[in-house]
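Undergrad: the sequence isn't on hand, but the structure is:
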């Protein structure tokens, strides 16, 4: 029930919005729908959390033995919550923004939410693939319609790139389907034991798609361009939630299904992740464009999550889940700030900004907190996730290089501090210049959504226990299939 | 049998209607009614209501597969006529004859989907081809149409020659034209059989425009009046594929393993050439011609996989591909400029057209929730089920990604580019049908079984 | 070497030779005439195989009707040797090579078959007689026979639609 | 006569037809060469028909007759094709005063 | 009274929140009151707890669990506090000195606008909060929270005047260098977690003996990397002098009295681990000593009043590490305490001077301030004497204890230590003499405005001066007084295990007297030279020769710039321009371009000529025949 509602509410809301003509109404309806989703999600977390409420298994494609099976486990709850929280935040923060054809904009946003929910909820591989692709289409339209000058080309590259990955994944899914006695059921896939060689190459069929989506170095080059060119609200969806699809998919659809392949390629992928982390962090240091800087920082963060997953350690996995949520919330906060700055001053160039802390102390404080959460300062949400991930990587039982991996990855923490502080310095500190002199105070909706984010940062940062408990069972069951000691 | 006889009769009727009826709309509606009745009769036969009991001496066999395909083809034709019948009027003065020819083609389609001997296959293919040569050349003053018609005719006859040579060799090796007997090969005649089958394969590949026998396709599709290109590229092509699959059933199936390499080569070449060449096209019409080659490459997987899934898949593919392409062509006909730029800014002026077109294009690209996804999906399923040649499947999906490139160029033009591509007058009926068509495609994309379930009765 | 063999080789040589001349002749009229010769040679083969009906039909329909139609069109268009429509050198060369390769490949594919052992009935046999063919055609093959009427109808319409001056 | 003689003769005729299609630019001649290819197939069919007759004569007095009937149908189809084909060529000639198959070359790439 | 523990960090946290959120509403006195009051309240609670601890009222080993912080699998990391001898002592220092500095700040920061004033106090409260977490934490993770927290506050306060980009750079530098150290700390935590499965002190220390020496060495070295960052030791010390960009009370509180001693606290806390890893101990001692010498030499030639003090801090921290390295944990903690008093005093005194001089910090423009700033002058002088190690001032006791322990451990340590002590005395009195003695060398305008600071500033100076003088008396060595070393007794439970493992020999009385005599004599000589040399004729010209090297801090910043910063920037540029744009992205775009190029070429096949189509078809046929007939196995 809950699971279906999570998909249906945004879907219906989105479709209905296409018919709304008035822009103001569109905005309100979108916000209302997204809050409704949030309510449903919270209901699922609190009162209606029996398996009967959370799962829904309907006949769908009897000829293919595929069912409309959606359900929420701990990880699903977490990511659905993230998705549910993000959209109201995005809508509120963009309240003062005016979009051409606002009804279409908000409609597509809600549709993308429906698609994302579907990805996180699907318990059937075909259904998963279905939503995986579907989530992409609204985002494609969103990024191509609203945004910078080069948006069309950048989005197109992104689309084709991820489409390639998805299709290769489809081949893998079909192959496994036949191996699993023509079943798409998640459970059947988990119980499937393929021989090591098969797993080894199947791994790449699936992982390519996930790697492109995350993105893992060197599949990342679509990302900075798209983030830079898309409208910022869309970028929030992309980087806040959509990239989590890749991480999520690795945990749910790759690691337990192909454990041997997963282990065999673990070191290789870890190497890619590490390279990517260092690489992206270093590049982030010299970015002058705020959006590109955040984009590269996102690559580094995602690399860490991927690395932690491949450590196949309980701590690492739980940390990854925690971090998926935290990173989603934090990076949305960063994008909100980027959006505000761009709207206000018409530039994203760090070199042209400066001294905003005088003009806009509230924004400065909020950004500093979010940025610090992003670099995992203790008592913020980022710390819990990263601490656990690093611990997982460090004590990983599946690789000989755990300590080395952790040490190298920790270097990125330093580099993250370098570019994040640089960013803060260049935007907020120093004396204001001719451009920033004209600055006005940040509108209330933006501050409100940023404040919510800050509150989330501290709540989850100081008392992460509920979240850890939420994902505990999921992690245990996944690890069981990964055959490592818990 | 209902369909074969009725379509022939109605074709004659249409032929004479041109003499007796002077109002174009009446003729048009007569044709639409004819197809509707044809569809009904065929569905009736699918439910075992047969009007004509004729002893066909095993030359034709009416099974659910063929009949279901006929239904799809007729339904597609119905939609095609509903959308584009007016445009047929505008091609030339011989409106009634064009409709008559379309009915004859449908007769050929019904034969091709139910043949049981090579003779009927040959006749069916020829009955399909000859009217098409004419329809291609129907815009007589247009040199492009002339050229297309000539090329189509010469190359088509050439492939007929190859087919006949193949049939002759098959006959020599098995002593019969019945497809059922094709596996009974006389001692020492295996190479003869194989050569015959290969020649037959080549000529059929030609008809479905598979590389390297596809060369006629872009030129003919481009040169023919757009409204007929639409018909040729969809219903007819699908029919030939169905015939091809039937042929495989008897002839290639038993010795399938011997053909896989050859078919793999054809698939790879078709996908590669179709998709890659389509990328650079500037005219949407010509792009669609190449895209039809590329789609043929995917349909070929049904032959490659050759199993029950393939049968389901080819029906679904036929439906998905035909419906979507008909829709795209119907919109293309309304455009004043056939280049990609001609679509610029369409979403502003004709949001419904643009939205429907998007659905069709997404379906062709194989995006989920459109029929095209399950069509491609079934093809991959059919191919992977056999386990071998996974590289080919990967290659195919990479090509599918390339296909997204050129399909999305149209979407980009419609939605994201500024421009004033002009559109001809479109009637509300046209829009409604277009919307319905888009709805059908999405419905099939969510629940393909509503079509496929009819295969099993 | 019996008379049948001699006739076989003669007719074969005639058919192939005149077929070659069809391709090689510069004047289209000559080509038509050589093609008629080739058809006659093939008809001769049919007679040799005691397929009398086909032999006659071949001469009447092909050599008679169809080729005359060709000739008629050529005359109508006043095409003659001056309009030299040979392809360019390279294309011709490539064409010959490709044709030759195809021939070699086909021969190679079929040469070691058990076809040598199977004999063709020459001179006798009554299946080629009009009576037997007719019986079978109108009993067993009546459906395709009727269906071919559709083909003719469409060809007729086609000739009208395409050929008619507007 | 062994049947492989007929096979090779037919193939030879067929290939000559193919070469004609390849090398000639006159549409009518090209079309004639295609007719030649059809005739090669016809000859082969008749030869096979007689071969099967000989093989199965004991079992079935009319064995092999379908091969000859097929030839009949081929001739039917060929006649139909010729009528359409010549109409197309004439139409083109009317518009361009040429029967060169390469004369019209607007559709490419 | 353990239930009161949570109040200690809570007060500053509340102060931070109130001042931070209501910074535009509150007036300066209100802000100052809240800020200082919060710390004072914490101090009061700390005193209560301290008395409890002193009386041995420590239920549950002083551990108070507040809630579960992070737990997964078998690992539980509670949010727990531990109040024992060590932490209660540090609590007193932090809240006590902290309160004084807060009080001082209310006057010092008076010139700031209301909201910045409030911002300052909220930062300061946040710092106290973090520092208290660091000290109170009952496990390494909570300590790490405080550890990073103080780093953050340091960053915020160094960059307090954010309009000045040099200050911002200094703040960034401080944060990044601290982070480098934190990396080591974190790795150590992971190591401990992996080996022991817990980070709670009691469990870690209890199970430590089961670990191999190499493991312990790695853990302790990694922890020490953290300490070098936070406590400004070689190689991560360069941020501290730059950190003087912050307001002077901040320097006093964070960069002298408390935060920088976190490393010492951590090592002292983990003393058992270090004791079992002798290699690490030596490393700690050598790094500490090297830092002490290096910083002292640099301090000889600095002309910025705060820079001198900063280097002196680095140097003194080096002493403390030397003490830890030679196993004299109590002495190190003792020195932390005395150092907190006299260094805070010195910084606040310097602040008073700077305040009076209208933010002039160059001592070459000062001189003769004795008569204008009497209170400041006296207290500053007392501080100088204390740091120089003249008995019976506090610095004498703690420093000599360390030197004595060093002597026992390794004579060379002692020799260098004593020389450093002499240098310390020299540069401190050079500073004193140049600033307070002689004639005023500033502008006439400055001279006109010279005035003693208000009471809010002088009262803390006086209190600290008293402590700087008398603070050492809680650790009077055995030589002078039987059972005089009250501190040692108090702290003994903390270090008991270590001392049991490795006895620290107290020097016999004669040696002790000799050692004291040497160091005091040398210090006195150095003082004498400094006073005579600089009171009349301060060296105003730019240094040259070796002096220039010292004035330029051994070119350490330039060195780091050349080996770390520049290569990193170059690498970043290379990756961005070459690898990213013309490497990976080029390949990705290249695939797209390749397809387009292929398309352009491939479409030429479609020549539009029937002949070529047929030719290609025939070629295709031949290929298929070859495939089908001749290429199959």
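TA: That came through fine. For clarity, every value in this text was computed on a predicted model and none was experimentally measured. Numbering: from 1, shown residues only, chains lettered A, B, ... in the order given.
Undergrad: show residues contacting the helix or strand of chain A with the lowest mean pLDDT.
TA: Lowest on mean pLDDT, DSSP states H and E among the helices and strands of chain A sits helix A:434-437, with a mean of 80. With contact meaning CB atoms under 8 Å, 6 or more residues apart in numbering or on different chains, helix A:434-437 is reached by A:345, A:347, A:352, A:353, A:354, A:355, A:356, A:359. To be clear about C-beta, it is placed using only N, CA and C from the backbone, and glycine gets the same treatment.
Undergrad: run the chain-centre distance for the following helix or strand past it.
TA: Using DSSP states H and E, the helix or strand that directly follows helix A:434-437 along the chain is helix A:444-462. With CA atoms, centre = their mean, to the nearest Å as the basis, helix A:444-462 stands 18 Å off its chain's centre.
Undergrad: show me what helix A:444-462 is packed up against.
TA: Applying 3 or more CB pairs under 8 Å, 6 or more residues apart in numbering or on different chains; DSSP states H and E, one finds that helix A:444-462 makes contact with helix A:74-93, helix A:314-345, helix A:361-374, helix A:381-394.
Undergrad: what does chain E have sitting close to chain B?
TA: With the criterion set to CB under 8 Å from any CB of the partner chain, chain E comes near chain B through E:595-596, E:598-600, E:602-603, E:605-606, E:608, E:610, E:613-614, E:616-617, E:619-621, E:623-625, E:627-629, E:631-632.
Undergrad: and the residues you listed, which are buried?
TA: Among those, those classed as buried by 16 or more other CB atoms under 10 Å in any protein chain shown are E:595, E:598-599, E:602-603, E:605-606, E:608, E:610, E:613-614, E:616-617, E:620-621, E:623-625, E:627-629.
Undergrad: go through the residues you listed and flag which are in helices.
TA: If you go by DSSP state H, those have E:595, E:598-599, E:602, E:610, E:613-614, E:616-617, E:620-621, E:623-625 in helices.
Undergrad: one step back: of the helices and strands packed on helix A:444-462, which is nearest chain D?
TA: helix A:314-345 (44.2 Å; CB to the nearest CB).
Undergrad: in that closest one, what's buried?
TA: The neighbour-count check on helix A:314-345 (16+ other CB under 10 Å) flags A:314-341, A:343-345 as buried.
Undergrad: isn't residue E:127 up against residue E:259?
TA: Yes - Residue E:127 is in contact with residue E:259 according to CB atoms under 8 Å; the separation is 7.3 Å.
Undergrad: could you name every residue contacting both of these two?
TA: With contacts defined as CB under 8 Å, 6+ apart, the residues adjacent to both residue E:127 and residue E:259 are E:150, E:153, E:154, E:253.
Undergrad: out of those, who's the most crowded?
TA: Using other CB atoms under 10 Å in any protein chain shown as the neighbour test, the shared contacts of residue E:127 and residue E:259 are led by residue E:253, with 33 neighbours.
Undergrad: quick one: that one is in a helix?
TA: Yes - assessed by DSSP: H, G, I helix; E, B strand; the rest coil, residue E:253 belongs to a helix.
Undergrad: pretty sure residue B:208 sits against residue B:239.
TA: No - the pair residue B:208 / residue B:239 is not scored as a contact, 9.6 Å apart, by CB under 8 Å.
Undergrad: settle it for me: which of these two has more neighbours?
TA: Taking neighbours as other CB under 10 Å, residue B:208 and residue B:239 compare with residue B:239 leading, 30 against 27.
Undergrad: apart from its neighbours in sequence, what residue is nearest residue E:23?
TA: residue E:118 (3.4 Å; CB to CB, 6 or more residues apart in numbering or on different chains).
Undergrad: tell me the SS of that neighbour?
TA: Secondary structure, three-state DSSP: residue E:118 is helix.
Undergrad: for it, give its distance to chain A.
TA: 11 Å (CB to the nearest CB, to the nearest Å).
Undergrad: who are the neighbours in contact with that residue?
TA: If a contact means CB under 8 Å, 6+ apart, then residue E:118 has E:19, E:20, E:22, E:23, E:24, E:26, E:31 as its contacts.
Undergrad: which of these lies at the shortest distance from chain C?
TA: The closest of the contacts of residue E:118 to chain C turns out to be residue E:20 (CB to the nearest CB; 85.4 Å).
Undergrad: what is the neighbour count of residue D:88?
TA: 28.
Undergrad: related to what we said a few turns ago, distance to residue A:125 and pLDDT for the ones in helices among the buried ones among the residues of chain E next to chain B - can I get that in a markdown table?
TA: Output for those, formatted as a markdown table (distance: CB to CB, whole Å; pLDDT from 0 to 100):
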| residue | distance to residue A:125 | pLDDT |
| --- | --- | --- |
| E:595 | 30 | 91 |
| E:598 | 34 | 91 |
| E:599 | 34 | 91 |
| E:602 | 36 | 89 |
| E:610 | 49 | 88 |
| E:613 | 44 | 92 |
| E:614 | 47 | 92 |
| E:616 | 42 | 93 |
| E:617 | 42 | 93 |
| E:620 | 39 | 94 |
| E:621 | 42 | 93 |
| E:623 | 39 | 93 |
| E:624 | 37 | 92 |
| E:625 | 42 | 92 |
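Undergrad: show me which residues of the stretch 51-200 of chain E sit near chain A.
TA: E:67-73, E:75, E:115, E:141, E:144-145, E:147-149, E:152, E:155, E:159, E:162-165, E:168-169, E:171-172, E:175-176, E:179-180, E:182-183, E:186-187, E:190-191, E:193-194.
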